[in-house]
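In: heads up, no residue letters with this:
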């Protein structure tokens, strides 16, 4: 009996591949991978001829019923039963259908409306090809650990929440400082003044079919009428005088009594009080004065009394709240320092008294 070949090329040994190559009259030298590649190309190229050859039909996943021996057929049949178990179902009454088919098949001159039945085949002797081992070899050996992936997602979520909380706490700490509030209100006023008094020009840029207007200050901004006087008369009552008086005057109990030599003492509560008072006492608007060829020069008040007083009041309120919050700690610290000082004075007085008594005793 002639040798037949079947199954996939991937799991076969090199000797088996060489045997197939010799049977196909092709080169049987080289490594196992070379033989597999060479055989696969040859089988694909001559598929129409070799697929009908009972010797090589098994290499394509098909086998002829008359070629394999009965023993192999029974083994493959058992594999088929294991792979495809028979499921129980409700039996169907086919008596009417069988009677109709018999009448249609044996009644002369009666055409049948049903399609022709397929040729019967002896399925007991048919060999079903086993799954290609090459597909199994390419399957991943291990599945991802779902629990580990879920834990990583939870850890990432916790880290994001922690970072957001830290950022929120840092931003809250920044806004909880009266100096920062005082600076932010001053920056807001400066931005509003620059936006109002600068003669902005615009550069149009086409981006994706949309025209964007980008503002920019012209080159003559510093010499524009009223630009410098307006900034100067805003700077004096808002920043200069409050910062100066807040440095040399302090009524806040939370202000440190002793500061390092390199640090400049500054009391935001005093500075805020002076700033609010100057908004009523100092008028930033001046009368027009002749300018150098550009018309009259005068200082403007783009903010207005209401907005200036509002910003100064906000800074004063936060500075006052900060001073009240720190006052108990400062008072407690001063009380302890005073008590320690009095205790030291009492101890020194007692020592002097004892020394005087000892001297009198020695003289006697």
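Out: Right, received. Where do you want to start? Since the structure is predicted, the reported quantities are computational estimates derived from the model, not experimental observations.
In: which residues in the stretch 151-300 of the chain form helices?
Out: Ranges of helices within the stretch 151-300 of the chain are 178-197, 227-235, 241-248, 268-281, based on DSSP state H, counting those that start in this stretch.
In: ok, and which of those has the densest surroundings?
Out: The highest average neighbour count among the helices of the stretch 151-300 of the chain, using mean count of other C-beta atoms under 10 Å, belongs to helix 268-281 at a mean of 21. For glycine as for every other residue, the C-beta is placed from the backbone atoms N, C-alpha and C.
In: by contact count, what packs against it?
Out: Here helix 268-281 touches helix 178-197, helix 241-248, helix 304-363, going by 3 or more C-beta pairs under 8 Å, 6 or more residues apart in numbering; DSSP states H and E.
In: quick one: contacts of that helix?
Out: Helix 268-281 is contacted by residues 178-179, 182, 237-238, 241-243, 245-246, 249-252, 255, 305, 308-309, 312-313, 315-316, 319-320, 322-323 when judged by C-beta atoms under 8 Å, 6 or more residues apart in numbering.
In: That helix to helix 241-248, inter-axis angle?
Out: Interaxial angle of helix 268-281 relative to helix 241-248 (axes from the mean of the first three to the mean of the last three C-alpha atoms, to 10 degrees): 150 degrees.
In: about what we covered before: could I get the helices of the stretch 151-300 of the chain as a markdown table with distance to residue 218?
Out: Shown next, in a markdown table, are the helices of the stretch 151-300 of the chain (distance: least, C-beta to C-beta, whole Å):
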| stretch | distance to residue 218 |
| --- | --- |
| helix 178-197 | 13 |
| helix 227-235 | 11 |
| helix 241-248 | 32 |
| helix 268-281 | 31 |
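In: Please name whichever of the ones you listed is nearest to residue 147.
Out: For these, proximity to residue 147 was assessed by C-beta to C-beta; helix 178-197 is nearest, at 46.3 Å.
In: Quick one: residues contacting residue 32.
Out: For residue 32, the contact set (C-beta under 8 Å, 6+ apart) comprises 13, 14, 17.
In: will you turn these into TSV that also has secondary structure, pLDDT and neighbour count?
Out: Converted to TSV, these look like this (DSSP: H, G, I helix; E, B strand; the rest coil; pLDDT from 0 to 100; neighbours: other C-beta atoms under 10 Å):
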residue	secondary structure	pLDDT	neighbour count
13	coil	85	9
14	helix	85	15
17	helix	85	21
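In: how about residue 203, what does it touch?
Out: Contacts of residue 203 (C-beta under 8 Å, 6+ apart): 213, 214, 216.
In: Format these as TSV; extra columns: distance to residue 164.
Out: Converted to TSV, the contacts of residue 203 look like this (distance: C-beta to C-beta, whole Å):
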residue	distance to residue 164
213	35
214	33
216	36
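In: and the helices and strands packed on helix 268-281, which one is worst for confidence?
Out: Per-stretch mean pLDDT for the helices and strands packed on helix 268-281 is lowest at helix 304-363 (a mean of 75).
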